[in-house]
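Asks: sequence first, then the predicted structure:
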Amino acid sequence: PDSFISVVTNDPNYSVSTTVRKRLNRFQGATEAYPDLTFSTRSQQIGDTRAYANTSVGVANLQSRTAHSEEDTDVVRASWTQGFSYALGLFRPVEMTPNISVQQAYYTKDKQGGAERPQGERDVISGQFSTGTDASLKLFRIFPVATNAWGLNLNLLRHVLTPTVSYSYLHRPTVPDDNLSFGVGGGGKSELTFGIENKLQTKRRALARRPPPNAEEAYAPSEAPPPAPPSAEELQGMSSVDVARFLISVPYSLEGHENKRGGRLGDWTFDLELFPWPWLRLESNWTYPSHFVPGSRDRRLTPWNVDLVMVGGAGEPTAEQAPDIQAPATRGQQMGPQLPRGVPLLPQGQWYLGLGHRSANDDKTESIVQFDWRLTKKWQIGTFHRLTWKEVSGGGKRFNNARESQYILTRDLHDWIAELVYRVDR
């Protein structure tokens, strides 16, 4: 695993993160940092205008180490990014937010090698410009639905329809990333993205537990009169919560980039989220290609994911705000009191259970289980398991393989978090 020290300072107006990473084992390839420092300001309003600005400045001394080799790549990089956005109010009810950003990065040297650059170049500056705009329109209708069947606790239903259009332009960097080590620029693009979001919302009382449905509520006869919608006084003590969300989006590239031609639709993406009860979240997303390779058999969904997240225990945990399922992995520069794998240190007495399934054509099909439980004020336990039903690798296939198991013991040290992980990887 990576060995690093990460220090993060958060303020309502800015954040500072520092990471020092060192390779300890020669048989591993790793990227070392001595250090990697980033200062970022949050988006701030400029005076009393509708304009907003954000800034990010970073300095990094990076070195790429190759396993079992003395060859490495090193560079000192200093970067600066300045962004502006403006909330237009000229096209109501359509909301438009144009934005613009400039990025400059200084490198002590570029990549060395090749007949044209045997020694490389020194003191390289790469610049990049980007701009775009987001436009959206909200349409809604309210339905007088009120029921507590199955403990759903629905007090009115609001259907919100939000079509969106966004344009993004990214100019090619003045120095291609292919000529740089640890380049921060990207390839140029000019792209439109069309989307439409359907959302169902209801009113629920904040910080009030929903009682489980009894037999009379769950199996009420059809002739029983439905409960009346809540009055205006009752609605004042409630807050809006999401019950369901369905998003469809598709990009259209105006010009080609990264060896892809322009003037064509990209892949369709679908995202479905359900929150029938505060303690449960069901989410599924999948991608469907707009174009198929002639003569290929791949005419199905490409990647497909489904996650079921449940939370419970002391307090009022909500699954909507719970993190996604992910394997424990050390990652630096995390905002807030988070474990290295990205799952927050839970409040005392709360637990988290995640069940997931991943599927991709001609690649991998697997199921995962993640469980975390904050036993006491100081201790938390967790486990993560991955079962691969089918895996294609190197022209061969493997079936029904217990791919990975992890057992985690976490100790809260007030200003520090200590974590012991036992991992079995097959």
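Replies: Cool, the structure landed. The model shown is predicted, which means the values in this text are computed figures rather than measured ones.
Asks: in the stretch 151-300 of the chain, what spans have low per-residue confidence?
Replies: Within the stretch 151-300 of the chain, the segments meeting pLDDT under 70 span 206-237, 256-262, 292-300.
Asks: can you pull out the helices in it?
Replies: Using DSSP state H, counting those that start in this stretch, the helices of the stretch 151-300 of the chain run over 215-218, 232-236.
Asks: for the spatially closest residue to residue 26 that is not a sequence neighbour, helix, strand, or coil?
Replies: Closest residue in space to residue 26, ignoring its immediate chain neighbours: residue 68 at 6.6 Å, by CB to CB, 6 or more residues apart in numbering. Glycine gets a C-beta too; all of them are placed from N, C-alpha and C. At residue 68 the chain is in coil, as set by DSSP: H, G, I helix; E, B strand; the rest coil.
Asks: is it true that residue 305 touches residue 356?
Replies: Yes: here residue 305 reaches residue 356: they are 7.0 Å apart, a contact under CB atoms under 8 Å.
Asks: give me the nearest residue to residue 174, chain neighbours excluded.
Replies: Closest to residue 174 by CB to CB, 6+ apart is residue 127, at 4.8 Å.
Asks: could you measure from the one you found over to residue 106?
Replies: 10 Å (CB to CB, to the nearest Å).
Asks: residue 58 versus residue 81, what's the distance?
Replies: 8 Å.
Asks: ignore the last one, residue 349
Replies: 39 Å.
Asks: show the backbone phi and psi for the residue nearest to residue 26.
Replies: phi 50, psi 40 (degrees, to the nearest 10).
Asks: and it, how close does it get to residue 27?
Replies: Separation of residue 68 from residue 27 (CB to CB): 6 Å.
Asks: partners of the residue lying closest to residue 202 once chain neighbours are set aside in the sheet?
Replies: Spatially, and ignoring its direct neighbours in sequence, residue 202 is nearest to residue 154 (4.8 Å; CB to CB, 6+ apart). The partner list for residue 154 in beta bridges (DSSP bridges) reads residue 147.
Asks: OK, contacts around residue 154?
Replies: 145-148, 202, 243 (CB atoms under 8 Å, 6 or more residues apart in numbering).
Asks: show me which of those residues are buried.
Replies: Neighbour-count burial (16 or more other CB atoms under 10 Å) is assigned, among these, to 145-146, 148, 202, 243.
Asks: from the residues you listed, which is closest to residue 2?
Replies: Proximity to residue 2 was ranked across the buried ones among the contacts of residue 154 by CB to CB; first place goes to residue 243, at 40.4 Å.
Asks: now the residue lying closest to that closest one once chain neighbours are set aside: how far from residue 392?
Replies: Excluding the flanking residues, the one nearest residue 243 by CB to CB, 6+ apart is residue 200, at 4.5 Å. According to CB to CB, residue 200 stands 39 Å off from residue 392.
Asks: looking at those two, which is more packed in?
Replies: Per other CB atoms under 10 Å, whichever of residue 200 and residue 392 has more neighbours is residue 200, with 18 against 14.
Asks: so what's the closest residue to residue 246 other than its chain neighbours up against?
Replies: Spatial nearest neighbour of residue 246, excluding adjacent residues (CB to CB, 6+ apart): residue 198 at 4.6 Å. By CB under 8 Å, 6+ apart, the contact list for residue 198 reads 159-161, 244-247.
Asks: cool, residue 400 as well?
Replies: 387-389.
Asks: would you list those in a markdown table and tack on distance to residue 272 and secondary structure?
Replies: What follows is the contacts of residue 400, written out as a markdown table (distance: CB to CB, whole Å; DSSP: H, G, I helix; E, B strand; the rest coil):
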| residue | distance to residue 272 | secondary structure |
| --- | --- | --- |
| 387 | 24 | strand |
| 388 | 25 | strand |
| 389 | 22 | strand |
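Asks: can you give me the end-to-end span of stretch 143-155?
Replies: Using CA to CA, to the nearest Å, one end of stretch 143-155 lies 10 Å from the other.
Asks: pretty sure residue 4 sits against residue 20.
Replies: Yes: assessed by CB under 8 Å, residue 4 is found in contact with residue 20 at 6.3 Å.
Asks: intersection of neighbour lists for these two?
Replies: Between them, residue 4 and residue 20 share the contacting residues residue 33, judged by CB under 8 Å, 6+ apart.
Asks: neighbours around residue 141, how many?
Replies: Neighbour count for residue 141, taken as other CB under 10 Å: 9.
Asks: quick one: residue 320 is in a helix?
Replies: Yes: according to three-state DSSP, residue 320 belongs to a helix.
Asks: quick one: the strands in the stretch 151-300 of the chain?
Replies: For the stretch 151-300 of the chain, applying DSSP state E, counting those that start in this stretch gives strands covering 154-170, 189-205, 238-255, 264-265, 268-274, 280-288.
Asks: let me see the backbone angles for the residue sitting nearest the centre point of the chain.
Replies: For the chain, the residue nearest the mean C-alpha position is residue 324 (8.3 Å; CA atoms, centre = their mean). Phi and psi for residue 324, reported as degrees, to the nearest 10, are phi -70, psi 160.
Asks: which residue packs closest to it, ignoring adjacent ones?
Replies: In space, residue 324 is closest to residue 307, 6.7 Å off (CB to CB, 6+ apart).
Asks: mind jotting down where the strands sit in the stretch 1-150 of the chain?
Replies: Using DSSP E, counting those that start in this stretch, strands in the stretch 1-150 of the chain cover 4-10, 14-21, 30-41, 44-45, 51-65, 72-86, 95-109, 122-136, 139-147.
Asks: partner residues bridging residue 311?
Replies: residue 352.
Asks: actually, residue 80.
Replies: Note on residue 80: beta-bridge partners by DSSP bridges are residue 57, residue 104.
Asks: would you mind measuring from it to residue 99?
Replies: From residue 80 across to residue 99, the span is 17 Å (CB to CB).
Asks: ditto for residue 412
Replies: Counting by CB to CB - residue 412 and residue 99 are separated by 40 Å.
Asks: which ones are touching residue 269?
Replies: Per CB under 8 Å, 6+ apart, neighbours of residue 269: 247-250, 285-287.
Asks: what's opposite it in the beta bridge?
Replies: residue 249, residue 287.
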